[in-house]
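> need coordinates for the below:
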Amino acid sequence: MNSLAIALSGGLDSRFLTHAALEAGCAVRALTATGVHVPREEAAEAAAWAAERNVEHSFMPIDVLADPEVAANSRRRCYGCKRLIFLKLRETADGLALADGTNADDMGSFRPGLKALRELGVRSPLAEAGLGKEEIRELAELVPHGDSLLMRFTGIDNPEAAGALRGAEIIAAREYAAPLKEGEYYVEDLKGLEVVSGEGETLGHVSDVIEGGGGDLAEVVLPAGEKRFVPFRKEFFGDTDLDKGKIVLLEPWILDE
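All right, here's what the predicted structure looks like:
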């Protein structure tokens, strides 16, 4: 499935489904139903989340009270509401497969709206994969997203609380680190590397890489213990072999006082 439409409510399940589809290489069109049944803040959060990830997003105003079952508050109101909403979303999807964030736990409870989803051919990938709420929360806690990380913290459940973490230093286990482009390295990978000349002569070792406004500086400790700071740029450093634990210094003279 190269492209699909997803009913994005702004909740964790539909956001995680959208994220997973993007990571799988799918072209995603996110659709958010609006109306008296959806708080404005929730719809706005869904739109902001999609915009941050460059996901095509559309609002779909729906008057759920136009459905007689909903207007009468009958026992079939949930079915009528869900069917009306997803009929409109399916029309807006323009032929794309339509998916929602229903999870495996939802399938075990009495939810008349699920019948409407089945009738309309709406797919529920999370439920189909057997993922319940707890598994989704665990998977969403720390997920690579391009050059950044999609993170979820226990107790942080609204934009205001998340905004208070801006600028905070967060330490994550290495296995959750985002993939890097060729020629990029994590500081921890560079620490301890043996610094050698182009001829293989040992010149010292990297003890740290210091971030600065003018660029990063490699702190090189010489065999005698003196420290030198070398701009960590391709003009000065060549091949980096993490397996052998070596990095080539192209201009050894820079270590001279």
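
> what segments of the chain are strands?
In the chain, the strands defined using DSSP state E lie at 3-7, 27-34, 56-61, 97-99, 142-145, 148-151, 194-196, 202-210, 217-221, 227-231, 237-241, 246-249.

> partners of the second one, with directions?
Translated: strand 27-34. strand 3-7 (parallel), strand 56-61 (parallel) (DSSP bridges).

> hey, which helix is longest across this protein?
helix 77-92 (DSSP state H).

> let me know the average pLDDT across that helix.
Helix 77-92 shows a mean pLDDT of 90 in the predicted model.

> with stretch 14-26 instead?
Averaged across stretch 14-26, the pLDDT comes to 89.

> what of stretch 136-143?
72.

> what about the closest residue to Lys82 other than its chain neighbours, how many residues nearby?
Once flanking residues are discounted, Lys82 sits nearest to Gly113: 3.2 Å by Cβ to Cβ, 6 or more residues apart in numbering. The C-beta positions use only the backbone N, C-alpha and C, and glycine is treated the same way. Counted with other Cβ atoms under 10 Å, the neighbours of Gly113 add up to 18.

> where does pLDDT dip in the stretch 151-257 of the chain?
151-154, 157, 176, 178, 213, 257 (pLDDT under 70).

> now do the helices in it.
Secondary structure of the stretch 151-257 of the chain (DSSP state H, counting those that start in this stretch): helices at 159-163, 187-190.

> pick the most buried one from these.
Highest mean neighbour count among the helices of the stretch 151-257 of the chain (mean count of other Cβ atoms under 10 Å): helix 187-190, with a mean of 15.

> which helices and strands does that helix pack with?
strand 202-210 (3 or more Cβ pairs under 8 Å, 6 or more residues apart in numbering; DSSP states H and E).

> run me through the strand neighbours of the strand it packs on, direction for each.
The pairing partners recorded for strand 202-210 under DSSP bridges are strand 194-196 (antiparallel), strand 217-221 (antiparallel).

> hmm, back to that, now the strands of the chain in a markdown table, with mean neighbour count?
Shown next, in a markdown table, are the strands of the chain (neighbours: other Cβ atoms under 10 Å):
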| stretch | mean neighbour count |
| --- | --- |
| strand 3-7 | 23 |
| strand 27-34 | 22 |
| strand 56-61 | 15 |
| strand 97-99 | 21 |
| strand 142-145 | 15 |
| strand 148-151 | 14 |
| strand 194-196 | 19 |
| strand 202-210 | 17 |
| strand 217-221 | 19 |
| strand 227-231 | 15 |
| strand 237-241 | 15 |
| strand 246-249 | 20 |
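
> compare the ones you listed and give me the one nearest Lys133.
Nearest of the strands of the chain to Lys133, taken as Cβ to Cβ: strand 142-145 at 16.2 Å.

> in stretch 12-24, what counts as buried?
Using 16 or more other Cβ atoms under 10 Å as the test for burial, stretch 12-24 gives 12-22.
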